[in-house]
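>>> Structure of the sequence below:
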Amino acid sequence: MNTHTQQTPGLKERDLVREKEPHLYGVIFCNDDFTTMPFVVSVLKLVFHKNEQEAQALMMQVHKAGSALVGTYTYDVAVTKRDKAIRMAREEGFPLRIEVRQM
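This is a model prediction of the structure:
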C-alpha cells in the first residue's frame, strides 16, 4: 500500500492519501474426464495468452494434479477470461470447469 502526502503547508496526518492496490484473483482450471487436452491448450493460448510450452505445462498440471492456477488478474479481468473460456468450452460441448478465487 502506498502512502503519500501532497505538498501543502499545514497538512495533517489525517489528510494522508492512501492508494489501495486492487485485490488479485486467481483463475484455476479444474480437471475433468471429458475436456480434451488439445482444447485446454488452445484455450490457454487464445484466452490467457500462454505460449505453446506454458500451455502444455499448465494442461499437464491440470491433468496430473487435478487443477492449476493459470493466471492472476484483477476481478473483472479474471471473470471475463473465465467466462470467455467457459463459453468456448460449451460451444464445443465440453464441461470445462474454471474457478476464480481471491488470492
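
>>> can we go C-alpha only for contacts and neighbour counts from here?
OK.

>>> Show the end-to-end separation of stretch 88-98, please.
The separation between the terminal residues of stretch 88-98, taken as Cα to Cα, to the nearest Å, is 12 Å.

>>> in this structure, which helix has the most residues?
If you go by DSSP state H, the chain has its longest helix at helix 75-91.

>>> what does that one rub up against?
Helix 75-91 is touched from outside by 23-27, 43, 47-48, 72, 95-100, with contacts defined as Cα atoms under 8 Å, 6 or more residues apart in numbering.

>>> Of the residues you listed, which belong to helices?
Using DSSP H, the members of these that fall in helices are residue 43.

>>> top of the contacts of helix 75-91 by neighbour count?
Ranked by the number of neighbours (other Cα atoms under 10 Å), these place residue 27 first, at 25 neighbours.

>>> what's across from it in the sheet?
The bridge-partner assignment for residue 27, based on DSSP bridges, gives residue 71, residue 100.

>>> if I read this right, it contacts residue 70, doesn't it?
Yes. Under the criterion of Cα atoms under 8 Å, residue 27 is in contact with residue 70, at a separation of 5.7 Å.

>>> In the protein, where is pLDDT below threshold?
Residues of the chain that meet the criterion pLDDT under 70 lie in 1-18.

>>> how many neighbours does residue 44 have?
For residue 44, the count of nearby residues is 23 (other Cα under 10 Å).

>>> Give me the distance between it and residue 54.
With the distance defined as Cα to Cα, residue 44 ends up 8 Å from residue 54.

>>> do residue 35 as well
18 Å.

>>> got the contact list for residue 48?
Under the criterion of Cα under 8 Å, 6+ apart, the contact list for residue 48 reads 70, 71, 81.

>>> which one among the residues you listed gets closest to residue 60?
Comparing those against residue 60 with Cα to Cα picks out residue 70 as the nearest, at 11.8 Å.

>>> still on that earlier bit, please point out which parts of the longest helix of the chain sit buried.
Within helix 75-91, the residues that count as buried by 16 or more other Cα atoms under 10 Å are 75, 78, 79, 81, 82, 85, 86, 88, 89.

>>> Same check on stretch 35-44?
Under the neighbour-count rule (16+ other Cα under 10 Å), stretch 35-44 has 35, 39, 40, 41, 42, 43, 44 buried.
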